[in-house]
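Enquirer: Build me a structure from this.
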Amino acid sequence: MSTNSISQTIIMVVIMVLAFIPAIVFHEYAHGYAAYRLGDSTAKSQGRLSINPLHHIDPFGTVILPGILMLSSVLLGGGGMIFGYAKPVPYNPNNFKNVRRGEVIVGLAGPASNIVMALIGAAIAYLSNFLYGLFAGSAAGGIAEMIIVYIWYFGSYFCTINLCLCFFNLIPIPPLDGSSIIAPLLTDNGLRIYYRVQRYGMLILIVLVILLPYLFGIDIIGWYLNVTAGNIAGLLLP
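Expert: Numbering: from 1, shown residues only. The predicted model follows:
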């Protein structure tokens, strides 16, 4: 691998990390803020109502899983879906006036924040396209054009990663947000069954995300994210 190729790989990994960190931080902050506005101060009292990334790191979901996916995407020439999750923000639904409604609102707050950030990423990508058109072929080109290209990459990744995080977290498997969204909507009997399944949530997640794709070539999560996040990113990005 040439020095230039190594430099490009390092730059792309840095861009992806810079896009991923705010995506998960504001996702978790949105959960805590929604719970706080609904009357629960658990996240605030435990220091989780914060935009400090160190307060939200989950070893597997924030570091190992997205790290593997980022490196795989870069080494394979890009195109791979990047997703993960942070340490769930604690909250006590008993502090909500309406427990079931509160659970759904808090659960949806994180994915909703990712949708907003995806739109911001798309706006950055469009802005960089406009700027590139201004500088292309001009005397101020060269380095300026290269910087604008990297800004475009950041905007595109920021949009795509946020969409991936949104739809990945909507999967109804704990510790993902979908589990807190679907639970209040179930009947009492359905909830009892769901809670029994919940105990194996992390095992199910590892099988779906890592074992099936890498051992058997069956990438259910990748297909799901391509259909959802991939197609929406295609519509939003220039």
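Enquirer: burial count for the closest residue to I115 other than its chain neighbours?
Expert: In space, I115 comes closest to C166 once its chain neighbours are excluded; the distance is 5.8 Å by C-beta to C-beta, 6 or more residues apart in numbering. No exception for glycine: its C-beta is placed from N, CA and C like everyone else's. A count of nearby residues for C166, using other C-beta atoms under 10 Å, gives 26.
Enquirer: surely C166 meets A118?
Expert: Yes. With contact defined as C-beta atoms under 8 Å, C166 reaches A118; the gap is 7.1 Å.
Enquirer: Now do the SS call for the most centrally placed residue in the chain.
Expert: By C-alpha atoms, centre = their mean, the mean C-alpha position of the chain lies nearest to L165, the distance being 2.5 Å. In the three-state summary, L165 is assigned as helix, counting by DSSP: H, G, I helix; E, B strand; the rest coil.
Enquirer: mind listing what the nearest residue to it once chain neighbours are set aside touches?
Expert: Nearest residue to L165, sequence neighbours excluded (C-beta to C-beta, 6+ apart): N114, at 4.9 Å. N114 makes contacts with A23, H27, N162, L163, L165, C166, N169, as judged by C-beta atoms under 8 Å, 6 or more residues apart in numbering.
Enquirer: nearest to I148, of those residues?
Expert: Minimum distance to I148 across these is 21.2 Å, recorded for N162 (C-beta to C-beta).
Enquirer: so which strand or helix has that closest one?
Expert: Here N162 sits within helix 143-169, counting by DSSP states H and E.
Enquirer: Helix or strand next in line after that helix, which one?
Expert: Downstream of helix 143-169 (by DSSP H and E), the next one is helix 177-182.
Enquirer: That next one packs against which elements?
Expert: With contacts defined as 3 or more C-beta pairs under 8 Å, 6 or more residues apart in numbering; DSSP states H and E, helix 177-182 has these neighbours: helix 99-135.
Enquirer: report the angle between the axes of the helix it packs on and helix 143-169?
Expert: Angle of helix 99-135 versus helix 143-169, following axes from the mean of the first three to the mean of the last three C-alpha atoms, to 10 degrees, is 160 degrees.
Enquirer: What average pLDDT does helix 99-135 get?
Expert: Mean pLDDT, computed over helix 99-135, is 92.
Enquirer: Same check on stretch 206-218?
Expert: Per-residue scores along stretch 206-218 average to 83.
Enquirer: Equivalent analysis for stretch 190-203, please.
Expert: 76.
Enquirer: Contacts for it, please.
Expert: Here stretch 190-203 has contacts from I173, P174, P175, L176, S179, I182, A183, L186, using C-beta under 8 Å, 6+ apart.
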